[in-house]
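Novice: could you look at this predicted model? Sequence included:
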Amino acid sequence: MSTDQQRITVRPYQESDYPFIKAILQEENLFRESVDSRQMLKKVIKENPGSILVSCEGQEVIGTVSFETGRVPLIFRLAVTSSRRHQGVGTILMQEAERELRQRGYNDVHLLVEEENSELHEFYRKLGYDKHNLYRWFHKEF
């Protein structure tokens, strides 16, 4: 682990992290008001404490990852601020999310990646993930 990586901590999301998480998700074009609003994140952590993680260097929030539990554990919303990409922050977040899921009794995990994002495919492959079936995600607002 490099010196930079040693200064990175991972902790559960706190409501005061919201502006930073929103900015990081927006930077990655991942922010969706319907699932990432302050109210929705508050609901998520009430129902599933610890399921949104943030990485920090000192007091600065530099990344986030979320996971869902239930029948099929799912990791999603991995995002790192642009100034800290390719420095191991995403790997640290993924390792912590996986550790949390193992502690909760899961033996495997799934994730969703946009088909055209080959850089992210390679990142997950290096972490030991295998590509499986291609599914189309559908959405309906109500």
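Specialist: Yep, that arrived. Numbers count the residues shown, from 1 in each chain.

Novice: burial check on Leu74, number of neighbours?
Specialist: Using other Cβ atoms under 10 Å as the criterion, Leu74 is surrounded by 15 other residues. (Glycine included, C-beta is placed from N, CA and C.)

Novice: list the beta-bridge partners for it.
Specialist: Glu68, His110 (DSSP bridges).

Novice: and the gap between the most centrally placed residue in the chain and Gly50?
Specialist: Centroid-nearest residue in the chain, with Cα atoms, centre = their mean: Val65, separated by 1.6 Å. With the distance defined as Cβ to Cβ, to the nearest Å, Val65 ends up 12 Å from Gly50.

Novice: Arg102 too?
Specialist: As judged by Cβ to Cβ, Arg102 and Gly50 stand 13 Å apart.

Novice: can you check His139 too?
Specialist: For His139 relative to Gly50 (Cβ to Cβ), the value is 26 Å.

Novice: more crowded one of these two?
Specialist: Neighbours were counted for His139 and for Gly50 using other Cβ under 10 Å; Gly50 has more, 15 against 7.
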